[in-house]
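>>> Quick one, fold the following:
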Amino acid sequence: MWYVVQTTSGQEQDCLAVCRAKIDSSLYKEMFVPLYIDKMHFRKQWHDVKKVLFPGYFFVDTDDIDDVSKELSHIDRLTKVLRNAEKIAPIQKKEQEFLRGMMNEEYIVECSKGFILGDRVCITEGPLRNHYGFIQKVDRHRRIAKLEINFFGRLTPVEVGLEIVARLTEEQFEKLKKDRLETYEDAGEKSVRIKSGVFAGMQGILLNTNEKKDEWRVRIELFEHPTEVVFARDEIEVI
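Okay, the predicted model is just below:
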């Protein structure tokens, strides 16, 4: 189960390192600071920069939280396990599943990609693909999506990376789709037709699949350059 430990904002990684060094590793499965990839522009280029998803907190995955909490109390830093009323409690199962679905194996939320269609955000790839409904605001200049998610029983604002490649009206998008409708006859490549969603009716080339995650990556001739879009298996058909 995942428990949340409060610490000093800006010192999450330093505190985590101290806790890992001083707490018996047999008491927990993992300690980690959830991160996200922020696209930052400096030295005339865009760079991937890791930032803390929940400033002032890190997580402990353990079945022995009482023993871990005792160990934390002996550490000369601000480390306090969050409680529900007076009782130490893990985050809710649905909250843990949501965060696990957003993060990769290194507990990092990768940057997503998408475009804006009218007043809707359409995600083409990345962790926001299945969670776009949580997006409250998009900052195209900073390449950031601002979300509100359930965290420890309350709505909490967080930021994650989102690269918007275009902004279109419904009319512009329908014209673009019409212009791009074509049959792919590339030798050795598998063509697919999209069955649902905003890309319904279009065709593309299947690039690769990840059946475990139900991710089917398709190349579509959409904008000024080919666009890679990730679909679930039931959203496409091989032709």
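>>> quick one: buried residues of the stretch of helix or strand K39 belongs to?
Assigned by DSSP states H and E, K39 belongs to strand 35-42. By 16 or more other C-beta atoms under 10 Å, the buried positions in strand 35-42 come out as L35, Y36, I37, D38. (C-beta placed from N, C-alpha, C; glycine too.)
>>> what are the pairing partners of it, and which direction each?
strand 45-52 (antiparallel), strand 108-109 (parallel) (DSSP bridges).
>>> Give me the number of neighbouring residues for F115.
20 (other C-beta atoms under 10 Å).
>>> re earlier: go through the buried residues of strand 35-42 and say which is closest to V52.
L35 (6.2 Å; C-beta to C-beta).
>>> Farthest pair within the buried residues of strand 35-42?
L35 and D38 (9.4 Å).
>>> and for these two, which residues touch both?
K50, K51 (C-beta atoms under 8 Å, 6 or more residues apart in numbering).
>>> What pLDDT does the model give K44?
At K44, the pLDDT value in this model is 81.
>>> follow-up on the earlier one: using JSON lines, please lay out the strands paired with strand 35-42 together with distance to G10.
Output for the strands paired with strand 35-42, formatted as JSON lines (distance: least, C-beta to C-beta, whole Å):
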{"stretch": "strand 45-52", "distance to G10": "8"}
{"stretch": "strand 108-109", "distance to G10": "18"}
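>>> possible to save the ones you listed as a markdown table with distance to R140 and mean neighbour count?
What follows is the strands paired with strand 35-42, written out as a markdown table (distance: least, C-beta to C-beta, whole Å; neighbours: other C-beta atoms under 10 Å):
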| stretch | distance to R140 | mean neighbour count |
| --- | --- | --- |
| strand 45-52 | 13 | 13 |
| strand 108-109 | 18 | 22 |
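>>> In terms of mean pLDDT, which of those strands ranks lowest?
strand 45-52 (a mean of 90).
>>> how far is whatever helix or strand comes next after it from where the chain is centred?
Counting by DSSP H and E, the next helix or strand C-terminal to strand 45-52 is strand 57-61. When C-alpha coordinates are averaged (C-alpha atoms, centre = their mean, to the nearest Å), strand 57-61 and its chain have centres 18 Å apart.
>>> Report the mean confidence score over whichever helix or strand comes after strand 57-61.
Using DSSP H and E, the helix or strand that follows strand 57-61 in sequence is helix 65-73. Computed over helix 65-73, the mean pLDDT rounds to 92.
>>> contact partners of helix 65-73?
1, 3, 5, 19, 22-24, 27-28, 60, 62, 79-81, 88, 90.
>>> Can I have the buried ones of these as a ChimeraX selection?
Remark: buried members of the contacts of helix 65-73, expressed as a ChimeraX selection using 16+ other C-beta under 10 Å:
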select :3,5,19,23,27,28,60,62,79,81,90
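>>> Out of the buried residues of strand 35-42, which is nearest to G153?
For the buried residues of strand 35-42, the nearest to G153 is Y36 (21.7 Å; C-beta to C-beta).
>>> and F98, backbone torsions?
Main-chain torsions, F98, degrees, to the nearest 10: phi -60, psi -50.
>>> do the same with G126
Per degrees, to the nearest 10, the backbone of G126 is at phi 110, psi 170.
>>> show me the contacts for the closest residue to it other than its chain neighbours.
Take G126 and drop its neighbours on the chain: the residue closest to it by C-beta to C-beta, 6 or more residues apart in numbering is S112, 2.8 Å away. For S112, the contact set (C-beta under 8 Å, 6+ apart) comprises I123, E125, G126, P127, L128, R129, A145, V160, G161, L162, E163.
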